[in-house]
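> Here you go, sequence then predicted model.
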Amino acid sequence: MTFDFARFPALDGFPRAGLHHGPTPLVPAPRLGEALGIPRLLLKRDDVHPLGVGGNKLRKLDFHLGAALAEGVDTVITFGALQTNHGRQTAAACARLGLRCELVLTAAVPRSGEAYERSGNIPLDLLFGAGVHICATAEDAVAKHEELVADAAADGREVRSIPVGGSDPLGVLGYVDATRELALQLAELGVEQARIVGPHASGATAAGLALGTASLGSLDLDIACVSHPLDEATANLASLVGGAAQLLGLDLPKLDHVWMNDTTIGEGYGIPASGTWAALRLFGETEGVVLDPVYTGKAAAALVEWAAAGRYSRDETVVFVHTGGLPGLFGYAPEFMAAVRK
Ligand SMILES: Cc1ncc(COP(=O)(O)O)c(C=O)c1O
């Protein structure tokens, strides 16, 4: 068995913004693989991209902003936590496309202080020219969004609002496309079967991988919940996969090849656990690769835990999807320093 590219859904009917420039690197991680007992470990480096410090949101934004450009939109509004990577990438993409960007951010994570409130992604949002609106509660964020939409209408501007994390059925297509890209890279290496490991937060990354792998076959998917507990994440994944399948005119796929767990979520979204920092150190010390403490650090902690539990066989190819988040690490500068200080 190998990948069934003939069955893969066509995505050319959807306008794209042209943010994505060819495949992101797929690189071997031999020293990390040796430490984990996974000799054939590869990293899919979606953190490496020339725009806005990179990350997984650019793939979703390619579709969201493609639709915005096709509709003649000039103002984009989106949402997130204070240290949202999605907001920073939206700001960068809007700068590149000449669109106005408004970020409605909610202080949703129990973190404060100079690093969290004034470093990391926040100055980058400003650098890329976004309007940054910080709200204390979800209700305030709804009211701010309404105000921004009303202001735009009064100015005669056309708005597109993108949901948290870019996660709706259209955003899922970004990672459907990524799955094909990854399978082509694997095929080029002579790999006919593999297991992908990645994170779930707002869900479109995992949903796109789930739908893409369902179409291609020969790929299994292990998903680490980093934001929502397993029951909520499972329902969210099913709903996004269903919505994207409908958008693509596909039958609802079986997801027997997808396994999810929330064992490394710790106390919750945005709160790093000790295993998170241990995973950051391991990736840094073995491969010189930097993770973040909110998303990739928790997904990597899951990879470490699942490998130790014997989930991966020595002859299996495992691909860890590095989804970015580097700037967010500096929002946690004091904890980061404490975690790496000898
Ligand atoms: C660096 C990083 N990794 C992973 C994710 C999770 O992706 P998704 O929201 O599509 O589940 C995010 C989302 O915010 C992110 O910023």
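Happy to help now that I have it. Numbering: from 1, shown residues only.

> Point out where the stretch 1-150 of the chain drops to low pLDDT.
Scanning the stretch 1-150 of the chain for pLDDT under 70 picks out the ranges 1.

> quick one: contacts for whichever residue of it sits closest to the ligand?
Among all residues of the stretch 1-150 of the chain, N85 sits closest to the ligand, at 3.3 Å; criterion: C-beta to the nearest ligand atom. (Glycine included, C-beta is placed from N, CA and C.) When contacts are counted by C-beta atoms under 8 Å, 6 or more residues apart in numbering, N85 touches G55, K57, N121, D292, Y295, G324, G325, P327, G328.

> In helices only, show me those.
K57, N121, P327, G328 (DSSP state H).

> Now, of those residues, which are buried?
By neighbour count, with 16 or more other C-beta atoms under 10 Å, those hold K57, N121, P327, G328 as buried.

> dump the residue contacts of the second one.
Neighbouring residues of N121 by C-beta under 8 Å, 6+ apart: Q83, T84, N85, G87, R88, P327, G328, G331.

> Does G171 touch H64 like I think?
Yes. If you go by C-beta atoms under 8 Å, G171 and H64 touch, sitting 6.2 Å apart.

> if I look at G268, how far off is the ligand?
15 Å (C-beta to the nearest ligand atom, to the nearest Å).

> Determine how far the longest helix along the chain lies from the middle of the whole chain.
For the chain, the helix that runs over the most residues, judged by DSSP H, is helix 169-188. Between the mean C-alpha location of helix 169-188 and the chain-wide mean there is a distance of 13 Å, by C-alpha atoms, centre = their mean, to the nearest Å.

> Can I get the helix or strand following that helix in CSV? Just the C-alpha atoms.
Per DSSP states H and E, helix 169-188 leads on to strand 194-200 as the next helix or strand towards the C-terminus. The C-alpha coordinates for strand 194-200 follow below in CSV (Å, rounded to 0.1, in the frame of the first residue of the first chain):
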residue,chain,number,x,y,z
ALA,A,194,3.9,6.7,8.4
ARG,A,195,2.4,8.0,11.6
ILE,A,196,1.9,11.8,12.1
VAL,A,197,2.0,13.4,15.5
GLY,A,198,0.5,16.9,15.9
PRO,A,199,-1.4,19.2,18.2
HIS,A,200,-5.1,20.2,18.7
